[in-house]
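Test case, fold it:
(one chain, ligands or ions: 2)
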Amino acid sequence: MGATADGMTTEIHHPNWEMYNDSIYNTGNHPEVGCLDCHMASREYNDTTHEIAGHTFDYEPELLFSLESSGECYDCHDEEFAEVIETRQDLIAQRIEELKSVQNNASVALENLNGTASYETKLEDYNNAVFYMHFVEEDGCLGIHNMEKANEYLDKSEKLFNSVTETEEPVEQPGFEAIVAVFGLMFMFWIAKKRD
Ligand code: HEC
Ligand code: HEC
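Ligands and ions are numbered 1, 2, ... in the order given. From the prediction side, this is the model:
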């Protein structure tokens, strides 16, 4: 994939791996936890169907952090950790929510910059801000794949939106018109002289 903020792209699909990569779960800061460890918390092997009972891609925190789980999370976590995670997800959800109003202000500001010299750069900033916000939104886990990256991307997004909102509209420069007028006048004198 390797989709990055390029000033134009605002959409990103299935950024789960990119979000997860470099997280505590695969950098050695936490016992290694892969996608399936969280998403297919299995209760037991089923002798009849020869399947693991949890065979969907669901995330079931109560099961995952229980003693029953085949994962070894219970060595360090317990059922209550499911609630801790939920609280952390709420914080990310709230940040995304707040970012939406920051985005609204930025989009109004951007419209006002239309036609000015700063428009192109600020449009890129705006697009990148949307990209980072979408990245976290699209990932769909509200930070759990990688808390650090989720917060970092939301920070980036907020900063970029604000850079659009805080851009001053350039004051009208009378200088240029004055110069045009003077040259126009000189030209007319020159024509008038030639006709003589
Ligand atoms: C530490 C546990 C954990 C790991 C590891 C993990 N996930 Fe997740 N994932 C979650 C949680 C929690 C959610 C949010 C689900 C919820 O709250 O119901 C989620 C959500 C998702 C979703 C979105 C589902 C939706 O409804 O939008 C996808 C897709 C996904 N994960 C894929 C992956 C992939 C691919 C990997 C490995 C690269 C991975 N996950 C690793 C915990 C994990
Ligand atoms: C050797 C101990 C240990 C084991 C085993 C372990 N964890 Fe953790 N885990 C930790 C510690 C320590 C933290 C950091 C404490 C915190 O975030 O509150 C943590 C944090 C987490 C977080 C929160 C990350 C965040 O950024 O908020 C999740 C989710 C998690 N672990 C999932 C799992 C899962 C799923 C398993 C089993 C597959 C597991 N852990 C196994 C020690 C462990």
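
Okay, strands next: where are they in the chain?
45-46, 51-52 (DSSP state E).

Can you flag the weakest of those strands by average pLDDT?
Least confident of the strands of the chain, judged by mean pLDDT, is strand 45-46 with a mean of 46.

Against Leu185, how distant is the closest residue to Lys122 other than its chain neighbours?
Leaving aside its sequence neighbours, Lys122 sits nearest to Val164 (C-beta to C-beta, 6 or more residues apart in numbering; 4.9 Å). Just so you know, the C-beta spots here come from the backbone N, C-alpha and C atoms, and that holds for glycine as well. Distance, Val164 to Leu185, by C-beta to C-beta, to the nearest Å: 40 Å.

Excluding covalently adjacent residues, which one is nearest to the spatially most central residue of the chain?
Centroid-nearest residue in the chain, with C-alpha atoms, centre = their mean: Tyr132, separated by 2.0 Å. Once flanking residues are discounted, Tyr132 sits nearest to Ser157: 3.9 Å by C-beta to C-beta, 6+ apart.

Output the lowest mean pLDDT helix or strand found in this protein.
For the chain, using mean pLDDT, DSSP states H and E, the weakest element among its helices and strands is strand 45-46, scoring a mean of 46.

So Val164 and Leu185 - more neighbours on which side?
The neighbour comparison of Val164 against Leu185 (other C-beta atoms under 10 Å) goes to Val164, with 25 against 10.
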